[in-house]
Structure formats: C-alpha cells, structure tokens
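> Sequence below, structure please.
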Amino acid sequence: MTLKTVDILLVGAGAMSASLGMLLKQLDPGLKIAMIERLDQVALESTSGWNNAGTGHAAYCELNYTPQLADGSIDTRKAFAINTAFEVSLQFWSWLVEQNMLPAPKAFINQAPHQSFVWGEENVAFLRKRHETLSAHPLFADMQYSEDPEQLRQWMPLVMHNRDSNQKVAGTRVSYGSDVDFGALTRYLVEHLQRQPSFELLTSHTVKDLEQIDGRWEVKVRDEQLDKSYTIDAGFVFLGAGGGSLPLLQKSGIPEREGYGGFPVSGQWLVCTTPEVVEQHHAKVYGKPPLGAPPMSVPHLDTRIINGKKALLFGPFAGFTTKFLKQGSFLDLPKSVNLGNLKPMLSVARDNMDLTRYLISEVMQSHGDRVASLQDFYPDAKAEDWKLSIAGQRVQIIKKDPEKGGKLEFGTEVITSADGSLAALLGASPGASTAAQTMVNIIETCFTERFNSDGWQAKLREMIPSYGQSLADDPALLKVVRERTLSTLQLHEEA
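Take a look at the predicted model:
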C-alpha cells in the first residue's frame, strides 16, 4: 500500500543527500522531498566528524592526487579537477551563509593550512617538481615551498622538533586550506530543509527494495520504530547512502548497475586531545603513502575542530572488514557478489596482492606500531597522549575493465539510469568536499528538461558564480571567486 508520494527521494542522510536536497529546494521550493535514514539521526556514518579526515580536499597537500609519470613529469589532471570542484563547494557554502541558511562559518569550517611534508632525496625531488608544476598555474600560485628546516619549523613545529638534522626534508604550504566538520555542516543543512514546506526527514527507516513502474519508483521502506512497512512512490531517487548505495543500486535493476562491485576498507585514527600538544600544531600535514597502500591511506597529521573542540588526528590506519557501513552487517560483501560482478571482483583480487598484504599488515599492528608510524611525522609523540578511534567505512569501486577484466578505483563515481530517474553515488575520497559539484552534475543529467527551461541555470549562477565557466582557464574570475569565499568563510590566515 502506497502511503507517500514524493517528487524526490533521498536515501541516506549524509553530506551528499543534504547537498542535493538544498540545491533542489533552491531551484524549486515547491518540490516534495523525503530524506530516508536508517539510523536515528543524520550524519552518523561517513559524514560524522570523527569518521572522515575533515580535509577540505583541494589537492594542495594530498600527494596521491599528483602521481609522477614514467617520464618524471607530474600528472596534474586530478588535482585541477578536485581543486575546481572544491571551489564550487566553497561558493555554495558562502552563498548559504550570506542567505542565513547556514550559521557563522566557524561552526562548520575553519582555516587550517594545507601542508605536504616528505623526507629523503627521492621524495624531496618529487615534491620540488610537484611544486614547480602546480605553482605555475593560477589555481596553485599561492603554494609555498621550502627545504629550509627553520622555515619548516615555523610551518609545522611538532613535525620538525627533535628531527634528525641530517635528514633531507621538504614541505609545501597553502595558508588558506580548511578543516571541515562535515557532520555539523550536514546537520545545519538538514535543519534548514526541515523548516521548509514539503520536506520530510524519515529517520530509523530502512529501504528494503525498489522497483520502477511506469517511469516512477516504488520504494519499499520499513519504519523500524513503529515496526511497519510501506511504499513510497517517487519520481526521482538518489542513492547517497555511502557503502549502502551499492546493494540498493543492485536491487534497482537498472542495466547500468551491471559489473559494479565494492571493496570495503575500514580505517582507524590515533587521536590526541592533550591541550599542550594540540595547541602546538595548526595544520593538515600530508606525507607519502607506504608501498602498497591505497590512496586513502596517505598518512597525515591533522588539526581537527569538531563540534567546536580542537584535537589532533593521525592516520589513517587501514583495515579490512566485510561490512559496507560502520553500523552494517558482516554479510554486506558476500551478499553483493553476483554473476554480473564476479569476474571484475576476482580480477581485482588477483591484481591487488600488494594491497592485500598491506591490509593484513595494518590489521596486525599494535598500538606501539602505530605510534612508531606517528613518530615518523612527530618525533616526540608519546604513546600515552594518543588513543585509537575507529573511522567510517569506505567502499571502493570495483568495475569492469576490457583489458584486465576488472579494476579497483579510488574516488567517487555517479551511476545514473538512462531515463535520469535514479542516480547512485559510489566510492570514497574526495567525497563530501566535492559534493556541490557532484550534485550539480546530477541535476544537469537527471533534470535536463527543467534545467533548460525553468530558469535553473540562472539560479545556479546566483548560488555558484563560476557556474558554466572554468576557474582553471579564467584567472580573473578565479581571483574574484576566491576573494569572496575566503572572506565569507573566514579562511584567511589569522595574523
């Protein structure tokens, strides 16, 4: 029995669904939107502040976004794409702050310089080349570089204190990097949506099945609190449930789902809340990943400001579990395997033995082992100041590959049905940082008719001034946009 009819059904109450809901409500306030969350509150899985790195991913410090090619050159394509996508998020958040739809920026985003740090001749040569390549472009023109220990000591005192003076070191710095409390941001977005007409948040609800009938979706849901099931009739469905998106995509039956699988990777952080340590470090410092490590395991020592409280975080340390969500089931992975994705998944297992060995070694680590890794970054670190915290689950994408049979991808990907009535977001980092751009892409793809005829493009340009233009190709526009967002979101370095 159908009890609800909606225009838009958002599955998962995280940063992605909240961003799409906010964009659509600005484009058409009359849209009837429902947001479903299987837990009893929003933003408790990967969006929670303690379940992600909180880095506003702009490719300033993340070395895995700029791989070195065989000829020695630096591949900047991913860095440029991520940087410009994050600029879209900054513009959208700035507009929401200006419209009083979000609170004062420090409630969800804070300035934290983005820095890279490496040691050893080979790594220093790589970082020098990376800086030369990136800083030649306006997007990265403000990036500083140094091999001077005294300069680095000013940038990252904990990292440099009592470090071996014979060690060859180098670092880069962008002062207006950011730490984002995505959990707080998402709660503010959903709170605003709840104040709008024709929006409903349904917590403690589980999607059991979905089927397309006559162009619309019948979504079977269960109200866990009332212990009853019913159907929601939706014109458009967005599956933004983190690791939970893949099983739902498979249930949808759309042809585009074929061949997709998931590889779950868990994460852990070392966390320090000791005031005298925390106050000596204000930055996000990223290094190079260990051999065989997935890109999501690039080690970093971060300033975090979550719910207004400052802490330091180091990691992530990877692990393996068959759960697709932190509060999921150990049967998630085996249940996701089917005839359509078996070959790609077996191919990935065959071709990623280094990753398998790395994950096993990570799982076997003791607290002392983890602190030893931390001491590579922070030589004076004391084990008693750091506690282990479990991060959120990340389900990396496995997909078909014509040459290898299957490939493992680290990133995010949107799968949409041919008729545009369903979109599913798979993958992980850079994730929430690029939510605004990713959701704009979904709107362009899935709402083509309204997009072209209902003034939606003009409204998007109001919310995101660079919309329809390239910040990478227009230095003058980039300057105007950056000055506005850095000022509105208070991301300029404090004197």
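> now the residue most central in space within the chain: how far from residue 144?
Per Cα atoms, centre = their mean, the C-alpha nearest to the average position across the chain is that of residue 431, at 2.5 Å. As judged by Cβ to Cβ, to the nearest Å, residue 431 and residue 144 stand 27 Å apart. (C-beta placed from N, C-alpha, C; glycine too.)
> How about residues contacting stretch 486-495?
Applying Cβ atoms under 8 Å, 6 or more residues apart in numbering, the contact partners of stretch 486-495 are 90, 93-94, 97-98, 105-106, 109, 111, 113, 175-176, 178, 485.
> repeat that with 6 Å
94, 97, 105, 109, 111, 175-176, 178 (Cβ atoms under 6 Å, 6 or more residues apart in numbering).
> Count the neighbours of residue 126 for me.
Per other Cβ atoms under 10 Å, the neighbour tally for residue 126 reads 21.
> Tell me where the stretch 101-250 of the chain has strands.
109-111, 114-119, 144-146, 169-174, 178-180, 199-202, 205-213, 216-223, 228-239 (DSSP state E, counting those that start in this stretch).
> quick one, which of those is packed in tightest?
strand 178-180 (a mean of 27; mean count of other Cβ atoms under 10 Å).
> If we ignore the residues flanking it in sequence, what's nearest residue 88?
Setting aside the residues directly before and after it, residue 88 is nearest to residue 437 in space (Cβ to Cβ, 6 or more residues apart in numbering), at 4.2 Å.
> Pull out the buried positions in stretch 191-200.
192-193, 199 (16 or more other Cβ atoms under 10 Å).
> three-state assignment of the residue nearest to residue 88?
Per DSSP: H, G, I helix; E, B strand; the rest coil, the secondary structure class of residue 437 is helix.
> count of residues packed around it?
22.
> repeat for residue 339
7.
> Which one of the strands of the stretch 101-250 of the chain lies nearest to residue 361?
strand 114-119 (21.3 Å; Cβ to Cβ).
> what sits up against stretch 413-420?
254, 256, 397, 423-427, 445-446.
> Compute the mean per-residue pLDDT across that stretch, please.
For stretch 413-420, mean pLDDT rounds to 93.
> And it, end to end?
15 Å (Cα to Cα, to the nearest Å).
> Over to stretch 175-183?
So stretch 175-183: terminal residues 24 Å apart, Cα to Cα.
> how far out from the middle of the chain is that stretch?
12 Å (Cα atoms, centre = their mean, to the nearest Å).
> what do you get for stretch 258-269?
Distance of stretch 258-269 from its chain centroid, counting by Cα atoms, centre = their mean, is 14 Å.
> and that stretch, average pLDDT?
For stretch 258-269, the per-residue pLDDT averages 82.
> quick one: buried residues of that stretch?
259-269.
> Dump the residues you listed into JSON lines; add distance to residue 372 as well.
Formatted as JSON lines, those follow (distance: Cβ to Cβ, whole Å):
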{"residue": "259", "distance to residue 372": "41"}
{"residue": "260", "distance to residue 372": "38"}
{"residue": "261", "distance to residue 372": "35"}
{"residue": "262", "distance to residue 372": "32"}
{"residue": "263", "distance to residue 372": "27"}
{"residue": "264", "distance to residue 372": "26"}
{"residue": "265", "distance to residue 372": "22"}
{"residue": "266", "distance to residue 372": "21"}
{"residue": "267", "distance to residue 372": "18"}
{"residue": "268", "distance to residue 372": "15"}
{"residue": "269", "distance to residue 372": "16"}
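> Point out the ones among those that are inside strands.
Mapping the buried residues of stretch 258-269 onto strands (DSSP state E) picks out 261-269.
> In a markdown table: those, plus distance to residue 341.
Below are those laid out as a markdown table (distance: Cβ to Cβ, whole Å):
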| residue | distance to residue 341 |
| --- | --- |
| 261 | 4 |
| 262 | 9 |
| 263 | 11 |
| 264 | 14 |
| 265 | 17 |
| 266 | 21 |
| 267 | 24 |
| 268 | 28 |
| 269 | 31 |
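> longest helix in this protein, by residue count?
The helix spanning the most residues in the chain, taking DSSP state H as the definition, is helix 77-98.
> what's the average pLDDT for it?
97.
> do stretch 147-154 as well
97.
> separation between the residue nearest to the centre of the chain and residue 392?
10 Å.
> Quick check: residue 26 is in a helix.
Yes. The assignment for residue 26 by three-state DSSP puts it in a helix.
> Buried ones among the contacts of stretch 413-420?
The buried subset of these - by 16+ other Cβ under 10 Å - is 254, 397, 423-427, 446.
> which two from those end up farthest apart in space?
Taking Cβ to Cβ, no two of those sit farther apart than 397 and 446, at 20.0 Å.
> can you pull the contacts of residue 193?
21, 199.
> before we move on, the earlier item: now, which of the contacts of stretch 413-420 sits nearest residue 157?
Checking the contacts of stretch 413-420 one by one against residue 157 (Cβ to Cβ), the nearest turns out to be residue 427, at 35.5 Å.
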